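Novice: please work out how this folds:
(chains A and B)
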Amino acid sequence: MGHIILENVKKRFGEVTVIPPLDLEINDGEFVVFVGPSGCGKSTLLRLIAGLEDVTGGRIIIDGKDATSVPPARRGLAMVFQSYALYPHMSVRKNIAFPLRMARLERAEIDRRVKAAAEVLNLTDYLDRRPGQLSGGQRQRVAIGRAIVREPAAFLFDEPLSNLDAALRVGMRLEISELHKRLETTMIYVTHDQVEAMTMADKIVVLRAGNIEQVGSPLELYRNPRNLFVAGFIGSPKMNLINGSIAAQHGAETIGIRPEHIFASSEGGEWHGKVSVSEHLGSDTFFHVTCDGIPEPVTVRVGGEVDLHYGDDIWLTPDPNHLHRFDTQGLRVA
Amino acid sequence: MATQHSRSAARLMLAPAVVLLLGWMLVPLTLTLYLSFKKYLPLRGDSLQNGLEWVGFENYARFISSSAFWPSVQATLIIVGGVLLITVVLGVLLAILLDQPIWGQGIVRLFVIAPFFVMPTVSALVWKNMLMDPINGIFAHLWRFFGATPVSWLSDASVQSIILIVSWQWLPFATLILLTAIQSLDSEQLEAAEMDGASPLARFFYIVLPHLSRAITIVILIQTIFLLSIFAEIFVTTGGSFGTRTLTYLIFQRVVDSQNIGLGSAGGVYAIILANIVAIFLMRIVGKNLDR
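Specialist: Reported below is the predicted structural model:
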C-alpha cells in the first residue's frame, strides 16, 4: 500500500508562500520524482508529506485515511535524508535497528529484519562499524536500510545522491531503481537533477515556485512539454529555444528544437551558421553554432566523428516533426 | 639555512613563555616540596635566613594523622561531586531550553551567563546575607510566608548550601559549553529519529545525550580542576566549620591560622596527589569519550 493524495495543500512560512494550493495523486507502487530548480519547494513538499512540516491548508490522504495531523512516525512513511542523518554514535546494526527498537519489536524479530536488510544492501560485513568508518555510498545504503526495515507504505528520498561523486551516483541510481522493482513500494524522490528524474521515474512532477508545471512519464515530458519551463528543464543538453522572425515563420512566438532533432550538414540546409565550440564525447559530438539571425548559439548533436572545427561553415535543418511551438504565454501550441 | 634560521628565531620567541611557565609552576612546586620537609613555624622564630630544621616525613605523618584530614577529603569530594552533578544535569536541561527559538533570546542568554562574571567572594556574600540569612534572608521570609520555620542554611545544611552557591556560579559555564554543543547537532538526525518513531524523551536519550557526551566530559574535567580549589565561598560563608572544611581550606588553616608552613606544605603535596587521583579516575571513566 502507498496511495497518497494531496488535496489543496498549501504551505506558508510567515508571509512567504512556498506552496500555493496544489493537488497531486501518487498511486500505489509508483516511483514519483519531484524535480525543479533550487528553491522551487520540492523538498518542502516532501517534508509536508512526511509530516516534518505542518500544512497551512488542505489535506494529505495516505491509503484512504486523512493523515494531515498524524505525527510523522505514524504515517507509515520512511525517509532518506540528503545528509543520510545516520546516528554517529551507533553501529550500522544499531542504526538500522533503531526504528524497530522504537516500535518495541522483539529482539529476534529485529535481528531477523536487520539481517535481511543488510543482505539486500550488501552491508553484512559492515554491521559492526560506525557510520564514520564507512564510505559515502555505504552510508547511503545504511540510510536506505534504516528505511527498509520499517516496511513502510512509501519511501521518501530527499536528494539522496547529491553528496556522492559522479561515478557512485550512477551506481546508486541503478540500485535504488532495482530496489523499487523488487519491493514494489511507492517511492517519492526529490532531485534537482533532471537526469536522475528521467532515468528513475515512472512519473515526473516538475515544480516551479511551488506550482506543478507538468506531471507525466519521462517520455511524455520529453515529447510534449506543456510550456517553455518544462521544455527547457527536461532534456540534456537543453532544448534550443528560438524567438523572433524564425519562430514567426513557424507561426509561433517561440519555437523549441532539441539538439538531437536538428540535421547538420556542411553543404546546405535551412539555417546557415558557423561552428563555435565543439564538445566531442566520443559517441556524440555537440556543436554550438552561431546562426545568422539567431542571437543565442544553437546546440546540435551530430554523430561521433565529424570533422568540423571552429569557424567552419555549417547548415542546420530542424526536423519539422519534432518542432515545439509556444505562444506568447509560453504555453505549447498544438 | 632559512629553516634553521627561523627555527632558532622560533625558539627565541618561545623562550619567554617557557621561562614564565616554568617559573610559574616549578618554583612554587619545588618550594612547597622543600618546605614540606622542614619545620617552619614563623611565630616561633623560624625563618629562611636562619636556616630551617630538616624533619623528614614528620609533617606528612602529622597532616594525615590529624583527625581533620579524612573528613576534609570527604568534604572536598562531596562538594565537587555535588556541584558536578547539579551543573551537568541542569546545564543540559538549560542548554536545551535556550536552544529553543524564543523572543529576546540574546538578553535571556546574557542573563543566564551573568553569574559566571560575579566574583566568588561577592556571590558568596550575597547568598549568605541576602538569601540564606535565617532572620533577614529572602529564603527565611519565604519560609515564614508559608508558615514554616526558617532554616539556618549555613549551619544546619552547610555542605548543601556551599554546593548550591558554587553550582549557581558554575552552571553558566556548563550551560554555555553544552549549548554550543547542542547547536552543532544536525537537525536532520532529530528529524530522522522522529520519523523512526522516537518519542521526544527517546530522542533526548538516544540522540541528544550521546551527542553531548564529549561536551559533558569537557565540562566535568575543567570544572573538577577549579572546584577542587574552591576557597572564597567557604571562607566567606562558614569559615570551614559545620563540616565544610575542604582539603584546600584545611591547608589554609594550617598555614595561616596555626602558622605552620611546613605542615601546610605537606598538605599541599597531598592535595596535588588527590587532584591527580581524581584526574586519573575521571580520565578513565569519561576520558575515552574524547577519543571518538
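Novice: quick one, strands of chain B?
Specialist: B:38-39, B:53-54 (DSSP state E).
Novice: ok, residues contacting the first one?
Specialist: By that I understand strand B:38-39. By CB atoms under 8 Å, 6 or more residues apart in numbering or on different chains, the residues outside strand B:38-39 that reach it are B:46, B:52, B:53, B:54, B:55, B:58, B:59, B:262. Yep, even glycine has a C-beta here, placed from its N, CA and C like the rest.
Novice: against residue B:34, how distant is the fourth one?
Specialist: Using CB to CB, to the nearest Å, one gets 10 Å for the distance from residue B:54 to residue B:34.
Novice: would you point out the most distant pair within the contacts of strand B:38-39?
Specialist: The span of these, defined through CB to CB, is set by B:46 and B:58 at 14.1 Å.
Novice: returning to what we had before: would TSV of the contacts of strand B:38-39 with pLDDT be doable?
Specialist: Listed next are the contacts of strand B:38-39 as TSV, based on pLDDT from 0 to 100:
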residue	pLDDT
B:46	77
B:52	78
B:53	79
B:54	82
B:55	84
B:58	83
B:59	86
B:262	87
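Novice: those in helices, which ones?
Specialist: B:58, B:59, B:262 (DSSP state H).
Novice: give the contact list for the second one.
Specialist: To tie it back to what came earlier, the one meant is residue B:59. Per CB under 8 Å, 6+ apart, neighbours of residue B:59: B:36, B:37, B:38, B:39, B:262, B:263, B:265, B:266.
Novice: run through the stretch 201-334 of chain A and note the low-pLDDT ranges.
Specialist: A:304 (pLDDT under 70).
Novice: on that earlier part again, so which of the strands of chain B is the most packed in?
Specialist: Ranked by average neighbour count under the criterion mean count of other CB atoms under 10 Å in any protein chain shown, the strands of chain B are headed by strand B:38-39 at a mean of 19.
Novice: mind listing what that strand pairs with, with the direction of each?
Specialist: Here strand B:38-39 has these sheet partners by DSSP bridges: strand B:53-54 (antiparallel).
Novice: who's in contact with the partner strand?
Specialist: Contacts of strand B:53-54 (CB under 8 Å, 6+ apart): B:37, B:38, B:39, B:46.
Novice: switch to 10 Å and redo it
Specialist: B:37, B:38, B:39, B:40, B:41, B:46, B:262 (CB atoms under 10 Å, 6 or more residues apart in numbering or on different chains).
Novice: residues of the stretch 101-250 of chain B that sit close to chain A?
Specialist: Contact residues, the stretch 101-250 of chain B versus chain A (CB under 10 Å from any CB of the partner chain): B:186-199, B:202-203, B:206-207, B:209-211, B:213-214.
Novice: kindly recompute the last result at 8 Å.
Specialist: Counting by CB under 8 Å from any CB of the partner chain, the stretch 101-250 of chain B comes close to chain A at B:186, B:188-189, B:191-199, B:202, B:206-207, B:210-211, B:213.
Novice: strands of the stretch 1-150 of chain A, residue ranges please.
Specialist: Using DSSP state E, counting those that start in this stretch, the strands of the stretch 1-150 of chain A run over A:4-13, A:16-26, A:31-35, A:57-62, A:65-66, A:77-80.
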